[in-house]
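J.: need coordinates for the following:
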Amino acid sequence: MRKFLLTWYGITDFRASLGLENTEGPIAAALAAENYSDVVILCYTRPDNGPDECRELQESFATELSAIRDTAQPSDWDTTRKFVSKYANTTIAHEHFASWLRAKFQKPDGSLHISFKSETLRELNDTEGIYACAMRALDVVAQQPGEKLVTLYLSPGTPVMAFVWAIAALAHPTLTKRLIASPVIGKPPATVSLPAEWLERHGTAQKARQATNGRFDVTFHLFGEQRMPGLLGIRQFESTRHVFVNSKEYPATCMRPFLEAEFDELHVNPWDAGDVREHIIRYAEALPQTAQIAVNVTGGTKLMFAGALAAARAIGAVPYYFDSRNQRVIFVDDFHSEALKPVESVETFLLLHGDGLKLSSAGEAPALSPDRCFLTETLWKKRNKLFGIYQTVREFRDTCDPFEVSAAGLTCALDENQVATVNGANLNLRFQNWPDFAKYLTGGWFEEYSYLQFKPYEDAGLIMDLRMNVELAISGDRIGKPSKWNNAYNELDLVFTDGYSLYIVECKAGNVTQEQVMKLQNLVRFYGGVGGKGIVASCAKPDETTAKKMDDAGLAACFGDAFPQHVKALMDRIAARARATQVTA
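T.: Residues are numbered from 1 along each chain as shown. Below you'll find the predicted structure:
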């Protein structure tokens with residue numbers, strides 16, 4: 001039988017590996033006390049541990065540690081504390097601890113296998129991130145063949161990490177496992193058990209969830225400023241009736257277009273957990289006793305969460321929570337989780353957050369001929385020499401008037417029959433019926449170039465519903481005009497989804513300004529919600545101030561000669577997130 005030990009490693013372990021402790025640390029004590037075949041150690045990595053910092057710390061670590069040892073300072077708490085604080089939770093610290101531990105315990109015959117997994121969290125007590133890390137580790141172990149005993153070591157790491165190990169243990173009922181903890185520093189760990197109430201509630205909740213088979217008669221949704229949790233709840237599980245628990249400040253009528261089931265609202269005080277609890281219980285009392293009830297506790301305030309969870313337990317409902325960061329739905333009482341169903345249409349995101357706006361131009365995939373693609377690629381190569389074209393043709397952007405302009409070795413013209421021609425630089429191209437040729441030459445070509453860079457990733461299934469020039473408009477009814485969707489409100493250069501987030505791409509053939517960055521930031525927040533992503537695509541590298549503004553706004557950037565590589569790096573991150581979800585699933 002294979003015996004696994006799963007644990008985080010903490011500051012005491014790191015100090016022990018440095019020779020700054022009177023003990024060998026919790027992990028070394030556990031390995032000395034019992035024989036294991038496999039050890040999986042999760043290593044918290046600071047978010048700021050980038051490549052530049054890694055190189056800097058790599059150069060100074062050994063020198064500073066030698067200085068502490070050479071000057072007999074290991075007992076100087078203040079000196080060692082500063083050293084540990086500087087290096088803890090970094091790549092160099094992980095490498096040092098791994099080398100030290102393997103030298104002490106790894107056997108030549110390979111009977112003990114020690115693996116380390118770096119995990120970057122938003123903060124040290126990032127509960128959702130810690131839970132995802134623990135579940136990934138357990139899932140990998142569960143997939144290993146043969147009989148196995150899994151030991152979860154609670155002592156190393158933070159109290160939150162220990163607490164989450166206990167929760168994760170409940171989420172894997174089929175694994176043979178135990179929990180251990182060190183009662184005294186330097187002493188071997190001892191077995192601990194979960195409270196009986198936890199186990200009883202977990203078993204009851206698991207049976208209740210399994211009995212519904214993913215179908216409910218009534219689902220209560222906590223609803224507030226963020227609308228995405230409500231949409232996810234509608235899409236994830238079938239329900240005959242959806243009841244939105246909200247304040248009057250945030251009406252849920254915007255959710256009606258996404259429902260074929262019965263709709264209801266339940267107005268509560270969002271700052272009074274007791275009021276939320278009582279309203280849900282009172283509503284549920286009028287339902288048949290056999291009704292299968294769910295409570296989506298994701299939206300609303302924290303006090304609404306507390307009240308709704310209490311109500312769910314009082315009426316025997318199944319509470320669940322959407323972890324959008326890890327693309328999972330988690331059943332709160334038994335910690336079972338499932339993958340989120342993807343949102344495959346960008347239109348769903350736009351209409352969800354659009355407050356009555358409609359798509360006046362859906363921006364569906366354009367039909368780009370080989371000649372037009374070739375022209376676009378040529379303009380990309382000559383992008384730094386097109387200023388003369390921009391200046392001359394700008395006045396024709398909103399008309400169909402004929403023009404002719406020469407620059408960058410090209411002669412571009414539009415005749416009175418709306419026939420566009422391009423000659424020079426080994427080009428002799430003719431395009432019928434291209435009335436907005438001037439708009440293409442003054443920047444539209446770069447939108448098409450950007451589209452063509454993203455298109456292969458849609459074809460490969462990594463992203464979905466890539467669209468160009470999506471226009472949203474206001475209904476004439478809202479402004480006292482005839483009812484027609486022709487009042488332009490916003491135009492989005494490129495949009496796509498990975499199934500979980502809306503991505504908006506702002507394309508700039510010229511220089512990027514801070515005002516344009518702020519505009520994109522607002523568009524992402526408005527149409528994408530908290531999970532929205534923004535990308536600035538530009539021909540030239542943004543200046544330092546604008547780049548800082550983009551970074552502060554959480555926007556990605558694709559620019560200059562490395563544009564295709566920037567797109568690939570972005571797609572690699574999306575692919576990595578998709579792989580992590582599949583492993584967890």
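J.: could you list the low-pLDDT ranges of the chain?
T.: For the chain, applying pLDDT under 70 flags the ranges 50-54, 72-76, 185-186, 194-208, 210-211, 334, 475-488, 579-585.
J.: quick one, domains of it?
T.: If you go by automatic domain parsing, the domain ranges for the chain are 2-194, 199-341, 358-363+444-584.
J.: okay if I get the ones you listed as JSON lines plus distance to Phe431 and mean neighbour count?
T.: Glycine gets a C-beta too; all of them are placed from N, C-alpha and C. Shown next, in JSON lines, are these (distance: least, C-beta to C-beta, whole Å; neighbours: other C-beta atoms under 10 Å):
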{"stretch": "domain 2-194", "distance to Phe431": "46", "mean neighbour count": "16"}
{"stretch": "domain 199-341", "distance to Phe431": "39", "mean neighbour count": "19"}
{"stretch": "domain 358-363+444-584", "distance to Phe431": "13", "mean neighbour count": "17"}
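J.: looking at these, which is closest to Phe349?
T.: Closest to Phe349 of the domains of the chain is domain 358-363+444-584 (C-beta to C-beta; 4.0 Å).
J.: in which helix or strand does Ala537 reside?
T.: Taking DSSP states H and E as the criterion, Ala537 maps to strand 533-538.
J.: and the gap between Phe61 and Ala93?
T.: Note on Phe61: its distance to Ala93, by C-beta to C-beta, to the nearest Å, is 8 Å.
J.: what's the answer for Ala29, then?
T.: Separation of Ala29 from Ala93 (C-beta to C-beta): 20 Å.
J.: same thing with Ala339?
T.: Counting by C-beta to C-beta, the separation of Ala339 from Ala93 is 34 Å.
J.: check the offset of stretch 150-167 from the chain's centre.
T.: Distance of stretch 150-167 from its chain centroid, counting by C-alpha atoms, centre = their mean, to the nearest Å, is 25 Å.
J.: ends of it, what's the gap?
T.: Stretch 150-167 has an end-to-end distance of 15 Å (criterion: C-alpha to C-alpha, to the nearest Å).
J.: stretch 428-444 too?
T.: Start and end residues of stretch 428-444 are separated by 20 Å (C-alpha to C-alpha).
J.: what does it contact?
T.: With C-beta atoms under 8 Å, 6 or more residues apart in numbering as the test, stretch 428-444 has contacts from 371-372, 374-375, 379, 386, 389-390, 393-394, 396-397, 399-400, 403, 405, 412, 414, 418-423, 448, 507-510.
J.: buried ones in that stretch, by neighbour count?
T.: For stretch 428-444, the buried set under the neighbour-count rule, 16 or more other C-beta atoms under 10 Å, comprises 429, 431, 434, 436-444.
J.: ok so, going back, sheet partners, orientation included, of the strand holding Ala537?
T.: Using DSSP bridges, strand 533-538 pairs in its sheet with strand 502-508 (parallel), strand 556-559 (parallel).
J.: ok and whichever helix or strand comes after it relative to strand 533-538, angle-wise?
T.: Using DSSP H and E, the helix or strand that follows strand 533-538 in sequence is helix 544-552. Using axes from the mean of the first three to the mean of the last three C-alpha atoms, to 10 degrees, the inter-axis angle of helix 544-552 relative to strand 533-538 is 160 degrees.
J.: to the chain's geometric centre, what's the distance from helix 544-552?
T.: Distance, centroid of helix 544-552 to centroid of chain: 21 Å (C-alpha atoms, centre = their mean).
J.: helix, strand or coil for the nearest residue to Tyr153 once chain neighbours are set aside?
T.: Excluding the flanking residues, the one nearest Tyr153 by C-beta to C-beta, 6 or more residues apart in numbering is Thr7, at 3.7 Å. Following DSSP: H, G, I helix; E, B strand; the rest coil, the label given to Thr7 is strand.
J.: what bridges to Thr7?
T.: Note on Thr7: beta-bridge partners Ile41, judged by DSSP bridges.
J.: that older thread, how about the strands paired with strand 533-538, which one is nearest Asp139?
T.: Nearest of the strands paired with strand 533-538 to Asp139, taken as C-beta to C-beta: strand 502-508 at 27.9 Å.
J.: beyond the closest one, next helix or strand please.
T.: helix 514-528.
J.: ok, residues contacting that next one?
T.: Residues outside helix 514-528 that contact it (C-beta under 8 Å, 6+ apart): 349-350, 353-354, 490, 492, 501-504, 506, 508, 532-534, 536, 545-546, 549-550, 553, 555.
J.: again, 7 Å this time
T.: For helix 514-528, the surrounding residues in contact (C-beta atoms under 7 Å, 6 or more residues apart in numbering) are 349-350, 353-354, 490, 492, 501-502, 504, 506, 508, 532-534, 536, 545-546, 549-550, 553, 555.
J.: same question, stretch 43-61
T.: Identification of contacts with stretch 43-61 by C-beta under 7 Å, 6+ apart yields 8-9, 87, 89-92, 94, 116-122, 124.
J.: so the residue sitting furthest away from the middle of the chain, which state does it fall into?
T.: Most distant from the centre of the chain: Glu416, at 50.5 Å, with distances by C-alpha atoms, centre = their mean. Following three-state DSSP, Glu416 is assigned to coil.
J.: what distance do you get for it to Phe431?
T.: Computed as C-beta to C-beta, the Glu416 to Phe431 distance reads 15 Å.
J.: just list the residues touching the residue nearest to Pro288 when sequence neighbours are not counted, thanks.
T.: Excluding its sequence neighbours, the residue lying closest to Pro288 (C-beta to C-beta, 6+ apart) is Asp217, at 7.7 Å. Residues in contact with Asp217, defined by C-beta under 7 Å, 6+ apart, are 240-241, 291-293.
J.: so which of these sit within helices?
T.: Among the contacts of Asp217, no residue falls in helices (DSSP state H).
J.: what's opposite Lys358 in the beta bridge?
T.: Counting by DSSP bridges, Lys358 forms beta bridges with Ala473.
J.: which of the strands paired with strand 533-538 sits closest to Thr80?
T.: Ranking the strands paired with strand 533-538 by proximity to Thr80 (C-beta to C-beta) places strand 556-559 first, at 40.2 Å.
J.: re the thing from before, the residue nearest to Pro288 falls within a strand, correct?
T.: Yes: if the criterion is three-state DSSP, then Asp217 is within a strand.
J.: gap between it and Ala261?
T.: Using C-beta to C-beta, Asp217 is found at 10 Å from Ala261.
J.: where do the contact lists of these two overlap?
T.: Here Asp217 and Ala261 have 240-241 as joint contacts, going by C-beta under 7 Å, 6+ apart.
J.: hmm, who's touching the strand holding Ala537?
T.: With contact meaning C-beta under 7 Å, 6+ apart, strand 533-538 is reached by 450, 501, 503-508, 512, 517, 520-521, 524, 550, 555-559, 570.
J.: ok, now stretch 492-505?
T.: By C-beta under 7 Å, 6+ apart, stretch 492-505 touches 324, 327, 340, 342-344, 346, 349, 447, 450-451, 454, 458, 463-470, 506-507, 520, 523-524, 527-528, 531-535, 537, 574.
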